[in-house]
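Chemist: what follows is a predicted protein model with its sequence.
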Amino acid sequence: MKQLKVDQLEPDMILAESVYSASGKVLLAEGTKLTPDLIKRLMEMQVPRVCVNDENTIPIDPNEVLTNRVHTQALRILGTVIPADLCGSRLEDAQFRYELVAETIAKIMETKEVHELFLDLRTIDDDTLDHSITVCVLSLIVGAALKFTPDRLYMLGIGAMVHDIGKKAVPPEILAKREDLTPQETQMFQAHVKEGYRILREHGFDVPIAKVALYHHERWNGSGYVNRLAGDNIDLFSRIVQTADVYDDLIRGLTYKQKYLPHEAMEYLYGAGNFYFDVRVVKAFTSSISAYPLGSLVKLSTGEIGVVVNVQKTSAPRPIVKICYDKNNNRLDYPRQIDLSEEKTIFITKIL
């Protein structure tokens, strides 16, 4: 192992130690094979030195390491967001969708053209790869709810996974900025959709997949960018991915100025159906994805604390909660259940 300044790095060198951001998040994982783009990114992030392997180091395949991590994370997300009743036909339906989506994820992980882009997604910023994985899983669940064939589901999943690849061309300081962007910065940021389309076509992806990168910021009413498409002029893949993209942005607080609770993000989608989003996609999304996974510990507007024990398919943002603690944090001897889909004046205020 040897330590080098970033301007001494050469393509095909292997990182011997992970590179971290100022906040402690991994920017490049140990074992990553450096490319010209990655070296440029390190320079832009003003990383002073990195450790690389020398001729005595046993090499590992960084793509395989990262692909395994992405696969594991995707399955973990899948296991938490598909709502499942404790019995009945809806449990069977949820299990079928879980297996279908899990199989599609596995097929995506085996696609060389996709996992070759994981490193690029990981180095864009601290959140892009995690966001892309989540958007992929959410989009696949919606596609399954809309009865997509396995082939269409596979294409949708790839498009969702790499929808933000164009951000690699956006300066890091713009991606990291939380204040309002200047007009010039906005133009530079919005250019990532065209750049993403270009990158995906150059990597040999089919047009329907590359269109997701180009159109995922379009809106149903024509107010999006960059082509101002509206309604059915936006392809269905992109309409699904844009819905999943906004939902995850809201609950992560990535683009918006505040973090939303999951049910608040769901209600935002409800309210924007047939305005910003295709209402058919919104209905499939909100009926198929659990805002509060089973077992979530939540605080209610009454001050009481409970555990989510069931999710009604028709009202996923308002689950059944078993109240375990009163508003003074005293444990109840006899916990009781409350169905938030019926108790309209009570709502979840916090996930604990």
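Modeler: Alright, I've got the coordinates.

Chemist: tell me the backbone dihedrals of Thr149, please.
Modeler: Dihedral pair for Thr149: phi -70, psi 160, per degrees, to the nearest 10.

Chemist: tally of neighbours for it?
Modeler: With neighbours defined by other Cβ atoms under 10 Å, the count for Thr149 comes to 9. To be clear about C-beta, it is placed using only N, CA and C from the backbone, and glycine gets the same treatment.

Chemist: per-residue confidence for it?
Modeler: pLDDT recorded at Thr149 is 96.

Chemist: relative to Leu352, how far out is it?
Modeler: The gap separating Thr149 from Leu352 is 41 Å, by Cβ to Cβ, to the nearest Å.

Chemist: one more: Ile82?
Modeler: Relative to Leu352, Ile82 is positioned 22 Å away (Cβ to Cβ).

Chemist: ok, these two, which is more surrounded?
Modeler: Of the pair Ile82 and Leu352, Ile82 is the one with more neighbours under other Cβ under 10 Å, namely 22 against 9.

Chemist: any idea how far that one is from His115?
Modeler: Ile82 is 24 Å from His115, where distance means Cβ to Cβ.

Chemist: same thing with Arg331?
Modeler: Taking Cβ to Cβ, one finds Arg331 at 47 Å from His115.

Chemist: neighbours around the residue nearest to Lys2 when sequence neighbours are not counted, how many?
Modeler: Distance criterion Cβ to Cβ, 6 or more residues apart in numbering; nearest residue to Lys2, sequence neighbours excluded, is Asp54 at 5.3 Å. For Asp54, the number of neighbouring residues by other Cβ under 10 Å comes to 11.

Chemist: my read: Asp54 touches Gln3, true?
Modeler: No. At 10.6 Å, Asp54 does not count as touching Gln3 under the criterion of Cβ atoms under 8 Å.

Chemist: would you map out the domains in the protein?
Modeler: Annotated domains of the chain cover 2-52, 62-288, 297-351 [automatic domain parsing].

Chemist: which of the ones you listed is buried the deepest?
Modeler: Counting by mean count of other Cβ atoms under 10 Å, domain 62-288 has the highest mean neighbour count of these, with a mean of 19.

Chemist: pLDDT value on Leu261, please?
Modeler: On the pLDDT scale, Leu261 is placed at 85.

Chemist: ugh, typo on my part, it should be Leu27
Modeler: Value for Leu27, per-residue pLDDT: 74.
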